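*Asks:* Let's see this in three dimensions:
(4 chains)
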Protein chains: 2
Amino acid sequence: MDNALILQNIERHIDLEKAEQEVFVGMLQPQQLPRKSFFLKENEICRHSVFVTAGCLRGFTVDHNGFEHVLQFAPADWWIADMYSLVAEKPGQLNIEALEDSQVLLLSKTDQERLYREVPKFERFFRIIAENSLVSIRQRLVDNLSLSAQQRYEQFCQQYPTLINRLPQKQIAAYIGVTPEFLSTIRARSRKKK
Amino acid sequence: MDNALILQNIERHIDLEKAEQEVFVGMLQPQQLPRKSFFLKENEICRHSVFVTAGCLRGFTVDHNGFEHVLQFAPADWWIADMYSLVAEKPGQLNIEALEDSQVLLLSKTDQERLYREVPKFERFFRIIAENSLVSIRQRLVDNLSLSAQQRYEQFCQQYPTLINRLPQKQIAAYIGVTPEFLSTIRARSRKKK
DNA sequence: TGCATTTCTTAAGGTAGCTTATTTTTTTTG
DNA sequence: CAAAAAAAATAAGCTACCTTAAGAAATGCA
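*Replies:* Sure thing, here's the model as predicted:
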C-alpha cells in the first residue's frame, strides 16, 4: 500500500489505532514532483508539511550574493517544510525543489491542526520530530563553527553514505558551506593521499 | 509570586486551568546559580529543562582545539537544556554556565513526562517551543553561511539589543563565530566610520 | 583600596577558502 | 546518437579572518 511508509514513520514514535490511522491517511494528498520542479518558492507561504515517499528533495535559500545554501536534503522517509512560513503563515525564504523525479504526501496546515484536535497523540509525534530536527541542526551549527571544510565533507560522507553518490557535488558543496571549486580541490587532495 | 513569570511564559501558547497550573507548578524546583557556576558540564546527562527567572546563562560547547562556541544565551524568561542529552538520556557536549548570579526553575525529565500524561496540553506547548527554536537556529545557520562577521555582529546587536551591553564581548564573539581579537577590530572599524 | 585577574585593543604576519577563468567530463535532451 | 547544457577539475591570485604577542583598560576580590 502507498501509505505503509508514512505509517511506519509515524509509528516509530506513537502507536495508532486503526481508526486513528484512517483519520490521518484521509488527510494526505499524494503529489508527483518531476525533477527540477519546485514544491515551494521563496516569498510564497508554505501551507503543507511534506513527506517524501520516493525520490529526493532539497530545501535551500538564496542569499544577497546569489549563493544557494542547502538546509536539508529529503530523500524517501523524510519530512520537509518551511517551518518558519508554516508556523507564521507568512512568506518565507525557503525553496523546495525536487532533485529527482519524486513522490510526496502532503498534509495541509489546516488538516494538521484538525489532526491535533481529533488525534492529540500527533501533537506528541510532531513534538518529537521537531526536537530531533533541533538536535541535528544544532550539531550542524557547531560543526560549521568548529570543523574545517575537509572535516565537514568527511562528516557528510559518514552521515549520509547513500546520498554521496546520488547527489551532484555542487549540492553537497551548498550543504557543507563551500564553493563547488573548493570542494573539488578537497576531493582531489584526499584522492591523492590514497 | 515567584511563578508568575513562568506561567505567563506558558500561557503565551496554551491556556491552563487553575488545577493544571498547580500540577505544573508543583513540579518546579527553584535553584540559585551564582555567577560562573555550572548547571551542566559536558559528558554529564542533562536531566532537566531549565527556565531562567533572573540573571543570564549560556549554553556552549568546547571543540577539539579548545575553542568555545556559544549556542544560546538564556536571560530571564528563556528555556535552556541540552536537548540531545535530555532526549537520548546520554552524556552530551553542552555546558550550561551562569554568566551572572541567576535564578532558575527546574523541570525534571521524569516530571515532564508525567506532565505530558496528566496535562496533555503541555505536549503542545513544548512542540511549539521546539518549532520556534528550530526556526531561529535554522536562521542562524543561514546567517553563518551567508553573512560576513561584521554583518553577523550587526545582526546580533539588532536582535539582542539588551544583551549587547550586558555580556562580555568575548562571549558575543563565541556566539557569532569569530575570535575576540577579530570582533575587537570589527568594532574599532565601525567606531571610526561614525 | 589596591593587587590580581580577566577582558579588550592593536598590529604584523599567515592561511583556509574564495574568485575568476579555462578546460575536461558528464549528463540531458531533442 | 549528437549537440547542448550542466557539472567537475585545475590553477593562479586575492581577501577575510586567524594567530601570536604585548600593552592598556576594566573588573573582581582580599
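
*Asks:* quick one: the host helix or strand of residue A:58 near chain B?
*Replies:* Using DSSP states H and E, residue A:58 maps to strand A:56-62. Yes: on the criterion Cβ under 8 Å from any Cβ of the partner chain, strand A:56-62 is in touch with chain B at residue A:61. Where C-beta positions appear, they are placed from N, C-alpha and C, glycine not excepted.

*Asks:* on contacts alone, who are the packing partners of that strand?
*Replies:* With contacts taken as 3 or more Cβ pairs under 8 Å, 6 or more residues apart in numbering or on different chains; DSSP states H and E, strand A:56-62 sits against strand A:68-75, strand A:95-98, strand A:102-108.

*Asks:* Out of those strands, the one nearest chain B is which?
*Replies:* strand A:68-75 (4.7 Å; Cβ to the nearest Cβ).

*Asks:* so, in contact with chain B or not, the helix or strand following that closest one?
*Replies:* Using DSSP H and E, the helix or strand that follows strand A:68-75 in sequence is strand A:79-80. No: against chain B, strand A:79-80 shows no contacts by Cβ under 8 Å from any Cβ, the least distance being 11.9 Å.

*Asks:* Point out where chain A drops to low pLDDT.
*Replies:* A:1, A:192-194 (pLDDT under 70).

*Asks:* near DNA strand C, which residues of it show up?
*Replies:* Chain A comes close to DNA strand C at residues A:36, A:65, A:148, A:149, A:150, A:177, A:178, A:179, A:181, A:182, as judged by Cβ under 7 Å from any atom of the strand.

*Asks:* Burial check on the first one, number of neighbours?
*Replies:* Put plainly, it is residue A:36. Other residues within reach of residue A:36, judged by other Cβ atoms under 10 Å in any protein chain shown, total 10.

*Asks:* quick one, helices of chain A?
*Replies:* A:4-10, A:18-27, A:83-88, A:109-118, A:121-146, A:149-159, A:169-176, A:180-193 (DSSP state H).

*Asks:* would you turn those into CSV with distance to residue B:49?
*Replies:* What follows is the helices of chain A, written out as CSV (distance: least, Cβ to Cβ, whole Å):
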stretch, distance to residue B:49
helix A:4-10, 25
helix A:18-27, 28
helix A:83-88, 21
helix A:109-118, 22
helix A:121-146, 11
helix A:149-159, 27
helix A:169-176, 31
helix A:180-193, 39
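
*Asks:* possible to save those helices as TSV with distance to DNA strand D?
*Replies:* Output for the helices of chain A, formatted as TSV (distance: least, Cβ to the nearest atom of the strand, whole Å):
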stretch	distance to DNA strand D
helix A:4-10	28
helix A:18-27	35
helix A:83-88	25
helix A:109-118	32
helix A:121-146	9
helix A:149-159	11
helix A:169-176	3
helix A:180-193	3
